[in-house]
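[1] Structure of the sequence below:
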Amino acid sequence: MTSGDLFAQTTTDALRAAELRADLERHGYAYYVLDAPTVPDAEYDRLFRELQAIEVAHPELRTPDSPTQRVGGKPLPGFSPVSHRVPMLSIRTETDTEATGAIAFDARVRRELGLDATAATEYAAELKFDGLAINLRYEAGILVQAATRGDGETGEDVTQNVRTVRCIPLRLRGAFPAVLEVRGEIYMARPDFERYNARQRERDLPTLVNPRNGAAGSIRQLDPAIAARRPLSFFAYGLGETVGWELPATHGGVLDAVASFGLPVCEHRAVVSDAEGLIAFHERIRALRDSLPFDIDGVVYKVNSLVLQQQLGFVTREPRWAVAHKYPAEEMLTTVEAIEVQVGRTGAITPVARLAPVFVGGVTVTNATLHNEAEVRRKDVRIGDTVIVRRAGDVIPEIVGVVLEKRRPASTDFLLPSVCPVCGSTIERPEDEAIARCTGGLFCPAQRKQALLHFASRRAMDIEGLGEKLVDQLVDAAIVKTPADLYKLGLLALANLERKAEKSAANLLAAIEKSRVTTLARFIFALGIRNVGEATAKDLARHFGSIDALMTANLDQLQQVPDVGPVVAASIVRFFAEAHNVEVVEQLRAAGVHWVEGIAHSAASSPIAGKTFVLTGTLPTLTRDAAKDMIEALGGKVAGSVSKKTDYVVAGAEAGSKLEKAQSLGLVILDESQFRELLES
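    Alright, predicted model coming up:
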């Protein structure tokens, strides 16, 4: 190759690298910040690998804002100090957790501004996140430094670790200032925390104590690769130094601008007036607190006007114009009265502490999970101990630790039973696993019940109305033994069950009937194969295209599927090696459960690959989730609104404004039968 050819190739690669960086940043912003993916995961991975290959071949093309630089680098010898150009001050905490806390703050602001009781005062109200405060510094729109709060004057340089947080942009969007320091909170969402700990327990590795410690500990790891493996998120809530920017007039305007630059800002914020507005916000968030996907320990009130903030100034190391108004603690002390075991869907034996009732996080807690025998030993929890119990939202209460100085001489160790307390089958713990399991399978009623609930769940077969109490009755009465038995139920059998009216029984039968039409991915997920989650089920469906191909696949064939390793592959092989599991699959197919077979292989070349669909109205037999799964399995994408870029609108009964807009734009409109024909083509 001549020097001219080399130059031309390098130029081409440079242009392609710039294009890939822009595409990946756009897709990443849509996925991690907007929670609205624009491409399938496989396509994102393909673009990422292509960019990696170009940067390996041409290291000079690698830029600080490249998405490839999010991957953790070499371990650090230590953290360098960073002097904050604008001090990161703490906010005063209002310890009164009731309404008087808001009233006191409003009165103090009015007094210091010289306002009487009739003058309107505007406040920005936000959430008080329970994570790690961080300062992000952008120069010319590029993330150049990230630092912890430290003592407010000097923090630690944690740039490498913060680069691994996917929702933090490496390059800003829009008309950003020359220098922008954004302050916010690194946190770990509850579902991410639970999934991470579940994976750690499966591998018999240390777990994180709580989401807050998980976030802080991850960012302060000297090895960025460890931080990269932990699921962290970020919310912006303020500013440090700025250069070349005429600030908005209000704090609310600042956050709107920060969001426009591509940084995540929490949607749960409001501009309110006077003490009454603060009280209403405090109560509204208190009611929402348990349903939030992340931990908060209060709310924050700030005078909204930046001019008034400057006028109020600071006292010692706290701004006069802001206060944190906390909620009651979500950790309390109680005693362990007993330790029993529960049997899960896959036979997992979970020790559960029976507690003296204690009020934590708005509810009375009497049970707390201990996860597995190794966890009981690690935390050294004994019957009779005084323990710290933590509850956060929908997360099952757990024991954080034991108060050893209160341990009684009569406290007793937990002993794992040798047989299942439900069915009497042997309990086994494989050498390479942390979790002991009942060997009874579907013979065990506990596993049977959980398997049915999983089968009927929304992201599986989506059988609305089949809840825990009804499953208990169906299994206890020996009416249903396997998922296939659900499709044999009649109105009379259901109506005769306790508290089951004829109308609700008819509704359930209609939901069961509707579930006969599904997708291969949902069906695989519904089977409850150990270690096969929703994402893996989709990967398996795309790769094999039929349930028969999956059932007969060997370990090598299974490990050709993205993200399927030896453990998952072995679980799948073991599942289909059990004759009763294969029999259940055949019974379900004989009962009329079906999907479009053999199409997943051709997703990349399918006629709808890359096409955008909008779903509106109620389809005769398909749920919206099921239709979305079918589209995505073939490489299409589903949008929430109609535009000129929409390729197809799938309309059912009671379709409204989306259908009208599609008609006005002259778009292709399909009913369910036409939609199915398109997919099967």
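[2] Ala104 reaches Arg111, doesn't it?
    No. The criterion here is C-beta atoms under 8 Å, and Ala104 misses it with Arg111 at 10.6 Å. The C-beta positions use only the backbone N, C-alpha and C, and glycine is treated the same way.
[3] Can you mark which positions in stretch 533-547 are buried?
    Residues Thr536, Ala537, Lys538, Asp539, Leu540, Ala541, Arg542, His543, Phe544, Gly545, Ser546, Ile547 are the ones in stretch 533-547 that count as buried (16 or more other C-beta atoms under 10 Å).
[4] Helix, strand, or coil at Asp432?
    Here Asp432 is recorded as coil under DSSP: H, G, I helix; E, B strand; the rest coil.
[5] ugh, typo on my part, it should be Asp65
    Quick answer, by three-state DSSP: Asp65 is coil.
[6] Check what pLDDT it gets.
    Here, the pLDDT recorded for Asp65 equals 72.
[7] Quickly find the element holding Tyr301.
    Using DSSP states H and E, Tyr301 sits within strand 296-303.
[8] Give the pairing partners of that strand; include direction for each.
    Using DSSP bridges, the strands paired with strand 296-303 are strand 122-129 (antiparallel), strand 322-326 (antiparallel).
[9] Lowest average confidence across the ones you listed, which one?
    strand 322-326 (a mean of 90).
[10] Which residues does it contact?
    Contacts with strand 322-326, where a contact means C-beta atoms under 8 Å, 6 or more residues apart in numbering, come from 91-95, 97, 101-102, 105, 128, 278, 282, 297-303.
[11] Using PDB, write out every CA atom in that strand.
    Output of strand 322-326 as PDB, limited to C-alpha atoms (Å, rounded to 0.1, in the frame of the first residue of the first chain):
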ATOM      1  CA  ALA A 322     -30.900  25.700  51.300                       C
ATOM      2  CA  VAL A 323     -31.900  23.000  53.800                       C
ATOM      3  CA  ALA A 324     -32.300  19.300  53.800                       C
ATOM      4  CA  HIS A 325     -35.500  18.000  55.300                       C
ATOM      5  CA  LYS A 326     -35.100  14.400  56.300                       C
END
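[12] How far away from the center of its chain is that strand?
    Taking C-alpha atoms, centre = their mean, to the nearest Å, one finds strand 322-326 lying 27 Å from the centre of the chain it belongs to.
[13] between the strands paired with strand 296-303, which gets nearest to Pro248?
    Using C-beta to C-beta as the measure, strand 122-129 is the one of the strands paired with strand 296-303 that comes nearest Pro248, at 11.5 Å.
[14] That closest one: how far from the chain's middle?
    The answer for strand 122-129 is 24 Å, by C-alpha atoms, centre = their mean.
[15] same deal with stretch 141-154?
    Worked out by C-alpha atoms, centre = their mean, stretch 141-154 lies 27 Å from the chain centre.
[16] would you put the C-alpha positions of it in PDB?
    Presented in PDB, the C-alpha positions along stretch 141-154 are these (Å, rounded to 0.1, in the frame of the first residue of the first chain):
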ATOM      1  CA  GLY A 141     -17.700  20.200  26.500                       C
ATOM      2  CA  ILE A 142     -15.300  17.300  27.400                       C
ATOM      3  CA  LEU A 143     -15.300  15.600  30.800                       C
ATOM      4  CA  VAL A 144     -11.800  16.300  32.100                       C
ATOM      5  CA  GLN A 145     -12.100  15.600  35.800                       C
ATOM      6  CA  ALA A 146     -14.300  14.100  38.400                       C
ATOM      7  CA  ALA A 147     -13.700  14.600  42.100                       C
ATOM      8  CA  THR A 148     -15.300  13.700  45.400                       C
ATOM      9  CA  ARG A 149     -16.500  16.300  48.000                       C
ATOM     10  CA  GLY A 150     -13.700  15.500  50.500                       C
ATOM     11  CA  ASP A 151     -13.700  18.200  53.100                       C
ATOM     12  CA  GLY A 152     -15.400  20.700  50.800                       C
ATOM     13  CA  GLU A 153     -12.200  22.400  49.900                       C
ATOM     14  CA  THR A 154     -10.200  19.400  48.700                       C
END
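[17] List the buried residues for that stretch?
    Buried residues in stretch 141-154, counted by 16+ other C-beta under 10 Å: Gly141, Leu143, Gln145, Ala146, Ala147, Thr148, Arg149, Gly150.
[18] which residues sit in contact with the closest residue to Thr426 other than its chain neighbours?
    Taking C-beta to C-beta, 6 or more residues apart in numbering, and ignoring the residues beside it in sequence, Thr426 has Thr439 as its nearest neighbour in space, at 5.2 Å. The neighbourhood of Thr439, defined by C-beta under 8 Å, 6+ apart, consists of Gly347, Cys420, Ser425, Thr426, Ile427, Glu428.
[19] What is the nearest of those to Val56?
    Using C-beta to C-beta, those come closest to Val56 at Gly347, 45.5 Å.
[20] in terms of contact, does that closest one touch Pro445 like I think?
    No. Judged on C-beta under 8 Å, Gly347 makes no contact with Pro445 at a distance of 11.9 Å.
[21] ok so, going back, which one among the contacts of Thr439 sits at the bottom for pLDDT?
    For those, the pLDDT minimum is Ser425, 81.
[22] burial of that residue, as a residue count?
    18 (other C-beta atoms under 10 Å).
[23] how close does the closest residue in space to it that isn't next to it in sequence get to Asp556?
    Using C-beta to C-beta, 6+ apart and skipping the chain neighbours, the partner closest in space to Ser425 is Gly440 (3.5 Å). According to C-beta to C-beta, to the nearest Å, Gly440 and Asp556 sit 31 Å apart.
[24] neighbour count winner among those two?
    Gly440 (21 against 8).
[25] Can you check the pLDDT for that one?
    On pLDDT, Gly440 comes in at 76.
[26] before we move on, what about the one 3 residues further on?
    On pLDDT, Phe443 comes in at 73.
[27] when you give positions from now on, start the count at 82
    OK, 82 is where the count begins now, so the last one is Phe524.
[28] ok, it - contacts?
    Taking C-beta under 8 Å, 6+ apart as the criterion, Phe524 is in contact with Cys504, Ser506.
[29] now do 10 Å
    Each residue near Phe524 by C-beta atoms under 10 Å, 6 or more residues apart in numbering is listed here: Cys501, Cys504, Gly505, Ser506, Lys562, His661.
[30] can you tell me which of those residues are in helices?
    His661 (DSSP state H).
[31] quick one: which of the contacts of Phe524 has the most company?
    Counting by other C-beta under 10 Å, top hit in those: Cys501 with 24 neighbours.
[32] What separation do you get for that residue and Glu659?
    17 Å.
[33] re earlier: can you tell me which of the contacts of Phe524 is nearest Phe316?
    Nearest member of the contacts of Phe524 to Phe316, counting by C-beta to C-beta, is Cys501, at 44.5 Å.
[34] one step back: in JSON lines, list the buried residues of stretch 614-628 along with secondary structure and pLDDT.
    Converted to JSON lines, the buried residues of stretch 614-628 look like this (DSSP: H, G, I helix; E, B strand; the rest coil; pLDDT from 0 to 100):
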{"residue": "Thr617", "secondary structure": "helix", "pLDDT": "90"}
{"residue": "Ala618", "secondary structure": "helix", "pLDDT": "91"}
{"residue": "Lys619", "secondary structure": "helix", "pLDDT": "87"}
{"residue": "Asp620", "secondary structure": "helix", "pLDDT": "87"}
{"residue": "Leu621", "secondary structure": "helix", "pLDDT": "92"}
{"residue": "Ala622", "secondary structure": "helix", "pLDDT": "89"}
{"residue": "Arg623", "secondary structure": "helix", "pLDDT": "84"}
{"residue": "His624", "secondary structure": "helix", "pLDDT": "88"}
{"residue": "Phe625", "secondary structure": "helix", "pLDDT": "91"}
{"residue": "Gly626", "secondary structure": "coil", "pLDDT": "88"}
{"residue": "Ser627", "secondary structure": "coil", "pLDDT": "91"}
{"residue": "Ile628", "secondary structure": "helix", "pLDDT": "94"}
